[in-house]
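[1] A structural model of the following input is requested.
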Amino acid sequence: MAKVLITGVAGFIGSHVAERFLKEGYQVVGVDDLSSGKITNIPGGVEFIQGDLALLATIARIPRDCRKILHLAGQSSGEISFDDPVADLEKNTVSTLNLIRYGIENRVERIVYASSMSVYGAVEDAPISESHYCQPLSCYGVGKYATEGYLRVYLNKLPFVVLRMFNVYGPGQDLSNLRQGMVSIYLAQALASGQIEVKGNVERFRDFVYIDDVVETWFRAATYSSALGKTLNVGTGVKTTVGELLEHICTLIPGSSYYVQGATPGDQSGIYADVTQLKKHLDLDGFTQMEVGLRVFLDWARKTASNIDINS
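    From the prediction side, this is the model:
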């Protein structure tokens, strides 16, 4: 089978995607700088390169025969992007420009890029389609949207698929990181102390998509001809308020409760996906229900939480 390059291979989503491609018989080259990912996440069989993709020295170490690029590496927190916008730009935009150059020079078949719902910014209370106007609220969102633009500029030389990720959750998510991943943050706090700190009001709403559905999306985006040149939302189309999520968690973990304090800079008040194009071009339907996904995530988290320091 062909050789694929998966960046961010030590991260939550990247490691799951690598596992799927290995099972399908592909050779997998993985790159990660391990700034947030963990080397223990990397599946056996991956040819691993540790390095920062914003550096040309790292690009030079990548084998020249990778036929597909699945680009999941980068800084992925809107809140953290305000700490150092330049570093965010390097990790998310400069790294992609370097991979675009690699892809063109080596005649790569396609690049699949992990963009984000953050590109949309403040939106109305309605399913948001890919054609919706984009006005990001965070440095992270600005960088993601700019990177999409670079991919479009080079479309004739390097075919792309852009996947705008909504709120992904599930086993393998980092329970120690309290600045990224709403579901994992709340679950970690509930398990550690029974007290969940909520930054922002509970009427905010999101589209929570389970990791297995996301992995299937990435596999099809990398292999279906119908995906080429498309920008696709990766969500479920289901609107869930923060309050509803919290009630689910508090029901699953008896004795836990939550309180509201403060807010998160650059946070969207509410957004959920129109998944019409996702279903059309990738033939996807029947997403995992939150009640099911949360229960599986909790079972995994209970086995893991004893080894996690949520204050780290």
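
[2] what is the neighbour count of the nearest residue to residue 26 once chain neighbours are set aside?
    Once flanking residues are discounted, residue 26 sits nearest to residue 1: 4.7 Å by CB to CB, 6 or more residues apart in numbering. Yep, even glycine has a C-beta here, placed from its N, CA and C like the rest. Using other CB atoms under 10 Å, residue 1 has 11 neighbouring residues.

[3] contact partners for residue 1?
    24-27 (CB atoms under 8 Å, 6 or more residues apart in numbering).

[4] try residue 250
    190, 196, 256-258.

[5] just the buried residues from these, in ChimeraX please.
    Applying 16 or more other CB atoms under 10 Å to the contacts of residue 250 leaves a buried subset, and the ChimeraX line that selects it is:
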select :190,196,256,258
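
[6] among the contacts of residue 250, which are in strands?
    196, 257-258 (DSSP state E).

[7] of these, closest to residue 209?
    The closest of those to residue 209 turns out to be residue 196 (CB to CB; 21.0 Å).

[8] wait, that closest one touches residue 247, no?
    No - using CB atoms under 8 Å, residue 196 makes no contact with residue 247, being 11.1 Å away.

[9] residue 289: how many residues sit nearby?
    12.

[10] relative to residue 236, how far out is it?
    9 Å (CB to CB, to the nearest Å).

[11] pretty sure residue 179 sits against residue 82.
    No - Residue 179 lies out of contact with residue 82 (CB under 8 Å); the separation is 10.7 Å.

[12] neighbour-wise, which of those two wins?
    Taking neighbours as other CB under 10 Å, residue 179 and residue 82 compare with residue 82 leading, 15 against 12.

[13] tell me what the helix or strand hosting residue 212 is packed against?
    Using DSSP states H and E, residue 212 maps to helix 211-223. Here helix 211-223 touches helix 12-23, strand 66-71, strand 110-116, strand 160-165, strand 167-169, strand 231-234, helix 276-282, going by 3 or more CB pairs under 8 Å, 6 or more residues apart in numbering; DSSP states H and E.

[14] which residues of the stretch 101-250 of the chain fall in helices?
    Along the stretch 101-250 of the chain, the stretches classed as helices by DSSP state H, counting those that start in this stretch are 139-153, 182-192, 211-223, 242-252.

[15] which among these is found nearest to residue 125?
    Residue 125 lies closest, by CB to CB, to one member of the helices of the stretch 101-250 of the chain: helix 242-252, at 14.0 Å.

[16] averaged pLDDT, the closest one. What do you get?
    In this model, helix 242-252 has a mean pLDDT of 95.

[17] run the chain-centre distance for it.
    22 Å (CA atoms, centre = their mean, to the nearest Å).

[18] in PDB, list the C-alpha atoms belonging to it.
    What follows is helix 242-252, C-alpha atoms only, in PDB (Å, rounded to 0.1, in the frame of the first residue of the first chain):
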ATOM      1  CA  VAL A 242     -23.100  23.400  27.600                       C
ATOM      2  CA  GLY A 243     -25.700  22.900  30.300                       C
ATOM      3  CA  GLU A 244     -26.900  19.700  28.500                       C
ATOM      4  CA  LEU A 245     -23.400  18.400  28.400                       C
ATOM      5  CA  LEU A 246     -22.900  19.100  32.100                       C
ATOM      6  CA  GLU A 247     -26.100  17.400  33.000                       C
ATOM      7  CA  HIS A 248     -25.000  14.300  31.100                       C
ATOM      8  CA  ILE A 249     -21.700  14.300  32.900                       C
ATOM      9  CA  CYS A 250     -23.200  14.900  36.300                       C
ATOM     10  CA  THR A 251     -25.700  12.000  35.700                       C
ATOM     11  CA  LEU A 252     -22.800   9.700  34.700                       C
END
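
[19] residue at max distance from the center of the protein?
    For the chain, the largest distance from the centre (CA atoms, centre = their mean) belongs to residue 255, which lies 30.8 Å off.
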